Structures are given as structure tokens and as C-alpha cells.
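>>> Got a sequence here, can you model it:
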Amino acid sequence: SASPISREIAMSKVKQPKSPPSFAALVQTYFAEYLTQQRALSPQTIAAYRDAFLLFLNFAELHQGKSPAAMALVDITPALIMAFLDHLERQRHNSVRSRNARLTALRSFLKFAAHRDESSLGAIERALGVPVKRFERPMFEYLSREEMLGVIDMPDGTWVGQRDHVLFLLLYNTGARVSEIIGVKVGEVVLDEGAACVHLHGKGRKQRSVPLWNATIKTLRAWLKLNPQFDATSPLLPARNGVAMSRSAVAKRLSVAVHAAATNYPSLTKKRVSPHTIRHTTAMHLLQAGVDISVIALWLGHESPVTTHCYVEADLTMKERALARLHEPDAKIQRYRAPDSLIDFLKTL
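You can find the predicted model right below:
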């Protein structure tokens, strides 16, 4: 048998279990390694998750009296998460969609942490039990063709006006998200005969090419001729200082154009028009023109045609055309009379 000293030496060689990482270390690893290297998420997604964590940690510090560095996974209770989500809706006036997006960021971190701190699995499972909030998807707005053309033609002949004209026309032609349009460089626009298109960088690093109308090609050529200082890396639609337009700047310029166009198209005063409204408008007009829904999904950069199906549900004109193909029933509904045997059976119950 081994001597006591030998046993002691052998025991000393046995690896002691590692202590679980701290909450602060988990957060740092989650953002610095997991999201960026292992998941390779886009900078926009990482920034959205970061903002969710900043809001949550500030809220937790106020309600628990602990600094973020002193927090532990067991401190993230369902009650704290629910209070945070209620705070987003009531005090910050976030929509249910934004609330659920913040919750998604927290759930992603908790699932990551569960693989690295088994001692906190119970607390993590309870926290993951907080459900997303269901909500009714509102019917989206879109413009008629006349309204859309009225907005496109509204900018004046100044440099800013011509830029806005290109901006609105390109948004309508491509159905692009505003983030995609403001990110377009001059070198990503192809104006060759028979192959004219614009290359867009969509969500999740997806790229797609959208063909251009002849009117868009003509307008883009005039715009580039007006700005000979542009090179391939220049923003196609810059602000006055030469940098790419911001999302808020696009929304503001569109609001000005819609307000001016409402003089000729009063129906615009009843609609809330945003850059995303033009995206909806493009999709609806393609659908009404008979373009297959799978093609529209590719046009808009949707990952699945299921996302595009909402436009079919919203198109009342298509439903009316489908209803018109059916003959209205002119036969009167006869009242049902049960046979005597059934009446007798029921009376015996």
C-alpha cells in the first residue's frame, strides 16, 4: 500500500475545480469573443446588444444598489427582468417590438453564460422563463403611385434638391432599407447598358443587386456629372460636408418633401410617411403588377418569402379582384329541418 506521503502527493496532483468566472468577465467574453469571433455578428447587431446591456445594467444598479462589476448571475432574477421591461415601455416609451429586442439580447447572454457557469444554471433557467410579449402587427402604410411620384418630383433644382430627388427615386426603385441606401458608394452603382444595377449591403452581411429603371439610370448619370469630385469610394448621397447622410437626415428630408407634395395630394396628410414606407410602397406596387412573391422577397432582401407574405395580406385591391371572380350566391339559405327520428331522439334525452 502507498505511504501517507505518496497519497498526499497524488492528491495534490488532482486538479481542483475551477471557480466560475465573474459576471463582469462573462460580459466581456460575451462581447469580445463570442459575438464578434464565434458568432461573427454584424457591428449593427453587436451595437444593439451593447445598448440593451447598458440600459439593463444602469437599471439594475438603481434598483439593486450594486455596481455592474459587483453583480452576479443570480442577481438577474425574473422579477428584475420584468421590472426592466416594464420600465422600457412605461418610462422610455419603447414599443413592444423594441422591448422584445432588448429581452432577446439578455436571453442570448444568459444562454451563453449557462455553458460557462454551471453553478448558476438554476438562476439562469428561471431568468430564461421570462416570455416575449405578444403584440398585434399594425397594418403598414404605403403610397399610391401618384402620391409616390409626387414626392419624388417635389425637390427643387438646388444641389440638395437634386440629391433628394435621387434619394427618393432610388429608394422607390430598389425598395431598399434606409441603412442600405445611405451606405451605397459611387463604385457600387453600375450604369452600363443592359446591366445597370446597384449593389446593396443588407442585414446580416447579405448582399444583393437590384436592377435600375431607365429613369433612375438617367437621373444617376446627371447626378454624377454634377459631382465630378466623386470617386469610387465616395458616398453616392452625401450630406453637405461630404459624409454619408444619416438616417435622421433622410427622414427629415422626406418629411419636407411629403409636406410639400400634400398640397397636390391631400391624402398624404393622413399618412405617416417614413423611409420604410417607401420600401412597403415598392413591394406593394410590384405585387400589384403581378410580380411573383418569391421575386419580391429577393428584391427586398428578405431571407424567406414568408416575411413578404404580409404584403399579400395587406393588398385589399388583390382581394377585391379575387372576390370579383366569384359569383355572388343568389340562392336563399333554407332553414334546416331535422327528420322526425332525430326529433324523437332529442325529446327522449
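>>> Give me the distance between Ser98 and Ala297.
If you measure Ser98 against Ala297 using CB to CB, to the nearest Å, the figure is 25 Å. From N, CA and C alone the C-beta is placed, and that goes for glycine too.
>>> If you count surrounding residues, which of those two has more?
Ala297 (19 against 15; other CB atoms under 10 Å).
>>> where does that one land in three-state SS?
helix (DSSP: H, G, I helix; E, B strand; the rest coil).
>>> Look up how far Thr174 lies from it.
With distances taken as CB to CB, Ala297 is found 14 Å from Thr174.
>>> And Val184, by the same measure?
As judged by CB to CB, Val184 and Thr174 stand 9 Å apart.
>>> who's more crowded, these two?
It is Thr174, of Val184 and Thr174, that has more neighbours when counted by other CB under 10 Å, with 27 against 20.
>>> how close does that one get to Val210?
Separation of Thr174 from Val210 (CB to CB) stands at 4 Å.
>>> any residues in contact with both of those two?
Contact criterion CB atoms under 8 Å, 6 or more residues apart in numbering; residues shared by Thr174 and Val210: Val198, Leu200, Trp299.
>>> Need phi/psi at the first one.
This points to Val198. Taking degrees, to the nearest 10, you get phi -130, psi 140 for the backbone angles of Val198.
>>> Show the contacting residues for it.
If you count contacts by CB under 8 Å, 6+ apart, Val198 has them with Leu170, Thr174, Val184, Glu188, Val189, Val190, Ser209, Val210, Leu212.
>>> Only the buried members of these: can you turn that into a PyMOL selection?
Listed next is the PyMOL selection for buried residues among the contacts of Val198, using 16 or more other CB atoms under 10 Å:
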select buried, resi 170+174+184+188+189+210+212
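>>> quick check, nearest of the contacts of Val198 to Ser120?
In terms of CB to CB, no member of the contacts of Val198 lies closer to Ser120 than Val184, at 45.9 Å.
>>> can you count the residues close to the residue lying closest to that closest one once chain neighbours are set aside?
Nearest residue to Val184 in three dimensions, chain neighbours excluded: Leu236, at 4.6 Å (CB to CB, 6 or more residues apart in numbering). Leu236 has 25 neighbours, counted by other CB under 10 Å.
>>> pLDDT value on Leu236, please?
Reading off the per-residue confidence, Leu236 sits at a pLDDT of 97.
>>> Contact partners for it?
Contacts were defined as CB under 8 Å, 6+ apart; by that measure Leu236 touches Val166, Val184, Lys185, Val186, Glu188, Val189, Phe230.
>>> Quick one: the strands in the stretch 101-250 of the chain, in order.
When assigned using DSSP state E, counting those that start in this stretch, the strands of the stretch 101-250 of the chain occupy the ranges 189-190, 197-201, 207-211.
>>> okay, those in CSV with distance to His115 next?
Shown next, in CSV, are the strands of the stretch 101-250 of the chain (distance: least, CB to CB, whole Å):
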stretch, distance to His115
strand 189-190, 45
strand 197-201, 32
strand 207-211, 32
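>>> so can I have a markdown table of the ones you listed showing mean pLDDT?
Shown next, in a markdown table, are these (pLDDT from 0 to 100):
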| stretch | mean pLDDT |
| --- | --- |
| strand 189-190 | 95 |
| strand 197-201 | 92 |
| strand 207-211 | 90 |
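>>> so which of the ones you listed gets nearest Ser22?
For the strands of the stretch 101-250 of the chain, proximity to Ser22 was assessed by CB to CB; strand 197-201 is nearest, at 37.5 Å.
>>> Appreciated, that's everything.
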